[in-house]
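Asker: Model the structure of this input:
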Amino acid sequence: MGGKFLFCMRAPDGQEMWTGGEYFEIVVHEKIVYSMYFADAEGNQVEAAQYGIEHEAMDDAHDVILFEDFGDGQTKLTLIGNETMESAKESGQLEGWNQILDKIAAVVAGL
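Answerer: Predicted coordinates:
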C-alpha cells in the first residue's frame, strides 16, 4: 500500500494549518492506517510550534480508522489514536477533529 496526503484547515480568522501524512494500510470498507504530521503548503514536515501548538513528536505514530457497517446505510467510524491524542485534547485539536467529522457527516447526508 502507500501513498501520501496533504490538506489545509483554514480558521475563521484566515490562518492556514497544513497537515501531511502517509497511508500504511487500507482495507476497503474496513480500515485505514496512517500517520500524520504538521506540514507546510508543499507537504514538507514542520514543527508544531510553527503553528503555535505545543505538541509531542508524532514520529512513527500511527492512527487507525475502523468502519463498521450497521446496515440501512449507516456506518460507525471509530478513530483509534496514538499517545499524542492526549495532548490533542489539551490543545483544542480534538475540537478540530469533531468539526472535521461533523463536516464529513453533513456531506455524506447531502446537506
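Asker: Tell me who's in contact with G21.
Answerer: Going by CB atoms under 8 Å, 6 or more residues apart in numbering, G21 touches K4, F5, L6, Y34, S35, M36, Y37. (Glycine included, C-beta is placed from N, CA and C.)
Asker: give me every residue that touches E68.
Answerer: Each residue near E68 by CB under 8 Å, 6+ apart is listed here: T75, K76, T78.
Asker: Any chance of a ChimeraX selection covering the buried ones in the contacts of G21?
Answerer: Applying 16 or more other CB atoms under 10 Å to the contacts of G21 leaves a buried subset, and the ChimeraX line that selects it is:
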select :34,35,36,37
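Asker: Format the contacts of G21 as JSON lines; extra columns: secondary structure.
Answerer: As requested, the contacts of G21 are exported to JSON lines (DSSP: H, G, I helix; E, B strand; the rest coil):
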{"residue": "K4", "secondary structure": "strand"}
{"residue": "F5", "secondary structure": "strand"}
{"residue": "L6", "secondary structure": "strand"}
{"residue": "Y34", "secondary structure": "strand"}
{"residue": "S35", "secondary structure": "strand"}
{"residue": "M36", "secondary structure": "strand"}
{"residue": "Y37", "secondary structure": "strand"}
